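Peer 1: return atomic coordinates for the entry below.
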Amino acid sequence: MRFRMYLAACFVLWIVLFFKLSILQVICGGKYRKIAEEQHKTEVEITAERGKILDRNLKPLAISFECQSCYAHPQLVTDPVMTAEELSKLGLGTKGDIVEKLRSGKSFVWIKRAIRPEVAERIGKLRLRGVYLISDVQRAYPKGIAGNLVGFCGVEMKGLEGIEYEFDGILRGSPGKMVVQRDATGHTCPLPEYPKREPENGSDIVLSIDADLQSIAEKELARGVERFKARAATCIIIDPATGEILAMANLPNYNPNMRGNGTPEEWRNRAITDIFEPGSTLKIVTLATALEEGVIAKTDSVHVDSGKIVVQGIPIRDVEKHNVLTTAEVLVYSSNVGTVMMAQEVGKSKLYEYLRAFGFGNPVGIDLPGEANGILSKPDEWSDIRLANVAIGQGISVTAIQLAYAFGSVANKGILMRPLIVKRITDSHGNTIREFTPTPIRRVISERTALELVEMLNQAVELGTGRKVKYPGLTIAGKTGTAQKVDKDGKYSNSKFTASFCGFFPAYHPRILMSVVVDEPQGLYYYGGDVACSIFKEITIKVVNLLDYQYLSYETSDEEETVANRF
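Peer 2: This is a model prediction of the structure:
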């Protein structure tokens, strides 16, 4: 009897199990199959290829390259301490940091991005549970130049500085997505039936920069900083006719490939972020105002009273003593007294108006992050001594790029151009998406006044304070500047100076305009005519050799074409 009851119970149990299995497999099978599949599926992002940054001749300044990165699924790691010890021996981080990652409780952690091929091979051979390799993409800067301008990316391929930051959305593109199947060990496998969205690669940025000119500027600037024991320096090279920036070099600088070793001090693009009192280079604005407003002519005489004038009880002196100078000689010999007298004639409002027209007091509008406004107070805040100071480049602060483009407007027959750093944007197939063309901002002075200033600036190089930039067979127009810096106590220092020179050549058919600014040169030679002119001259020699053009008879159209075709 018991045996029969036992058989009956077993039979009922089998019936229940059969019924239950039938419900699970037949009626609810699809539902649970879907749940099981979902547990093994995961969505991964397919990184878009970041666009390249190229110079004007399509030489690569920033590219992306394929590499391998190491990651872990901490919940699958059975021995975090041993695993961390093995990985630290391969240089993937300190043992403590890796242990912390493996005990974080997260489902996914990066151990190290962009590892060397030989390290990746050794990781593969270790077969550490829960530790894997994955194909990755990282950024490289083949020439290692223009770091302050080009910028760099972080490990997540996000632009952090310079062009990489300013055009991050265009360079980055749009990532794709793919659903993959993951097994119990954490390995993933794509299946054709799973959905996939292809990434849209980023666009390329073609800059106006000439990599060869950039390299020259950086090397000569570094030599100059070392020679004069300067704190920092900047050099900007532009084409004044188009506003295109051909080079933008800074010291201190950094190799963007070594971004992990850099500092914010080295990353900063001083050409657009740092402000300084320009000194005598700003005298071109005072003279331009006086000439344009007709208060003085180029050949008029100015009585400079043995090189001294007193304004509100404060004496202003010239370095060289003269009694009478022509208007041109005021600029040639950089007379403070003559310049102040002209400023007094034109008045505060007019001088301020022209300073603004030349681009001071506002950003010039370059497509780079961090551009400073400079400092230019309103004329109703100026005392008589402030007017005198501003006229000779003190009591006003500018950026190197503002100064370069102000001179550029003189070289460009009185027309101020918008800075052009990006020439065009192309897609991954080389098709142009957008082109940037030279853009005039406004006419600052008449063509006649501009030509008169060019003649004076050429004489300043031939006979005046800019003599050290003279080059055989080449006409250069330019102006020196030496400005005392303000100490922490608000007083002008007797030991800290900013030395500068802005010039362009050939003077009457300019293709190259260069601004050199040197911060705190040390020693006996701290004047712009010594420090900045020396650096300008060395760069000029290399530029002329690079262009393979002697500039001996630049009046002929054939020779002008030679230079024009180079750019």
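Peer 1: quick check on residue 232: phi, psi?
Peer 2: Here the main-chain torsion angles of residue 232 (degrees, to the nearest 10) amount to phi -160, psi 170.
Peer 1: look up the closest residue to it, ignoring the ones flanking it.
Peer 2: For residue 232, ignoring the flanking residues on the chain, the nearest one in space by C-beta to C-beta, 6 or more residues apart in numbering is residue 519 at 4.2 Å. (C-beta placed from N, C-alpha, C; glycine too.)
Peer 1: tell me the pLDDT at that neighbour?
Peer 2: At residue 519, the model reports a pLDDT of 95.
Peer 1: how about it, what does it touch?
Peer 2: By C-beta atoms under 8 Å, 6 or more residues apart in numbering, residue 519 lies in contact with 230-233, 274, 276, 498.
Peer 1: with residue 437 instead?
Peer 2: Contacts of residue 437 (C-beta under 8 Å, 6+ apart): none.
Peer 1: rerun that using 10 Å as the cut-off
Peer 2: By C-beta atoms under 10 Å, 6 or more residues apart in numbering, the residues touching residue 437 are 242-243, 418, 420, 423-424.
Peer 1: quick check, nearest of the residues you listed to residue 465?
Peer 2: residue 243 (27.2 Å; C-beta to C-beta).
Peer 1: how far away is that closest one from residue 126?
Peer 2: Distance from residue 243 to residue 126, counting by C-beta to C-beta, to the nearest Å: 57 Å.
Peer 1: if you count what's nearby, which of these two comes out ahead?
Peer 2: Ranked by neighbour count (other C-beta atoms under 10 Å), residue 243 and residue 126 place residue 243 first, with 26 against 13.
Peer 1: the closest residue to that one other than its chain neighbours - how many residues pack around it?
Peer 2: For residue 243, ignoring the flanking residues on the chain, the nearest one in space by C-beta to C-beta, 6+ apart is residue 417 at 3.1 Å. Using other C-beta under 10 Å, residue 417 has 24 neighbouring residues.
Peer 1: I'd assumed residue 123 was in contact with residue 68.
Peer 2: Yes: with contact defined as C-beta atoms under 10 Å, residue 68 counts as touching residue 123 (8.6 Å).
Peer 1: so what's in contact with those two at the same time?
Peer 2: Common contacts of residue 68 and residue 123 (C-beta under 10 Å, 6+ apart): 112, 115, 133.
Peer 1: by neighbour count, which of these wins?
Peer 2: Highest count within the shared contacts of residue 68 and residue 123 by other C-beta under 10 Å belongs to residue 115, 22 neighbours.
Peer 1: and the gap between that one and residue 488?
Peer 2: According to C-beta to C-beta, residue 115 and residue 488 sit 47 Å apart.
Peer 1: what does residue 378 give?
Peer 2: In this view, residue 378 and residue 488 are 26 Å apart by C-beta to C-beta.
Peer 1: pull out the buried residues from stretch 448-459.
Peer 2: 449-459 (16 or more other C-beta atoms under 10 Å).
Peer 1: kindly export it (C-alpha atoms) in PDB.
Peer 2: Below are the C-alpha coordinates for stretch 448-459, written out as PDB (Å, rounded to 0.1, in the frame of the first residue of the first chain):
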ATOM      1  CA  ARG A 448      48.100 108.100 -47.800                       C
ATOM      2  CA  THR A 449      48.600 108.200 -44.100                       C
ATOM      3  CA  ALA A 450      49.500 104.500 -44.100                       C
ATOM      4  CA  LEU A 451      52.100 105.000 -46.800                       C
ATOM      5  CA  GLU A 452      53.600 108.000 -44.900                       C
ATOM      6  CA  LEU A 453      53.900 105.800 -41.800                       C
ATOM      7  CA  VAL A 454      55.500 103.000 -43.800                       C
ATOM      8  CA  GLU A 455      58.200 105.500 -45.000                       C
ATOM      9  CA  MET A 456      58.800 106.600 -41.400                       C
ATOM     10  CA  LEU A 457      59.000 103.000 -40.100                       C
ATOM     11  CA  ASN A 458      61.400 102.100 -42.900                       C
ATOM     12  CA  GLN A 459      63.600 105.100 -41.800                       C
END
